[in-house]
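Peer 1: no FASTA, just this:
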């Protein structure tokens, strides 16, 4: 069971880094419109969408991805706890 937990945690960690890359792409003009940016967007946007519905932007600042990443970190910690991988 620990192996399954490790695999799930690794997949979630990779997804977390993909989300970070997508967030940083917003800092560069037209990065999200590139083929790479659109591919990442198709992976990340469905996860960010519910958070964007719950948390309105503050002026031009959208903090919903930050809240989504915190939630994903909590999910990773929860998987670690469920599989007894907490050290």
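Peer 2: The structure has been received and is ready for your questions. Nothing here was measured: the structure is a model prediction, and the numbers come from that model.
Peer 1: So which residues make contact with the longest helix anywhere in the chain?
Peer 2: Scanning the chain for the longest helix, with DSSP state H as the assignment, gives helix 2-25. Outside helix 2-25, the residues within contact range by CB atoms under 8 Å, 6 or more residues apart in numbering are 31-32, 37, 40-41, 43-44, 47-48, 65, 68-69, 72-73, 75-76, 79-80, 82-85. The C-beta positions use only the backbone N, C-alpha and C, and glycine is treated the same way.
Peer 1: Distance from it to the middle of the chain?
Peer 2: In this view, helix 2-25 has its centroid 8 Å away from the chain centroid, taken as CA atoms, centre = their mean, to the nearest Å.
Peer 1: Now intersect the contacts of helix 2-25 with the helices, please.
Peer 2: Judged by DSSP H, the contacts of helix 2-25 include 37, 40-41, 43-44, 47-48, 65, 68-69, 72-73, 75-76, 79-80, 82 as members of helices.
Peer 1: Separate out the buried members of those.
Peer 2: With burial judged by 16 or more other CB atoms under 10 Å, the buried subset of those is 37, 40, 44, 47, 48, 65, 68, 69, 72, 76, 79, 80.
Peer 1: Adding pLDDT and distance to residue 16, write the residues you listed out as TSV.
Peer 2: What follows is those, written out as TSV (pLDDT from 0 to 100; distance: CB to CB, whole Å):
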residue	pLDDT	distance to residue 16
37	95	18
40	96	13
44	96	10
47	96	10
48	95	13
65	94	11
68	96	10
69	96	7
72	96	5
76	93	7
79	92	12
80	90	13
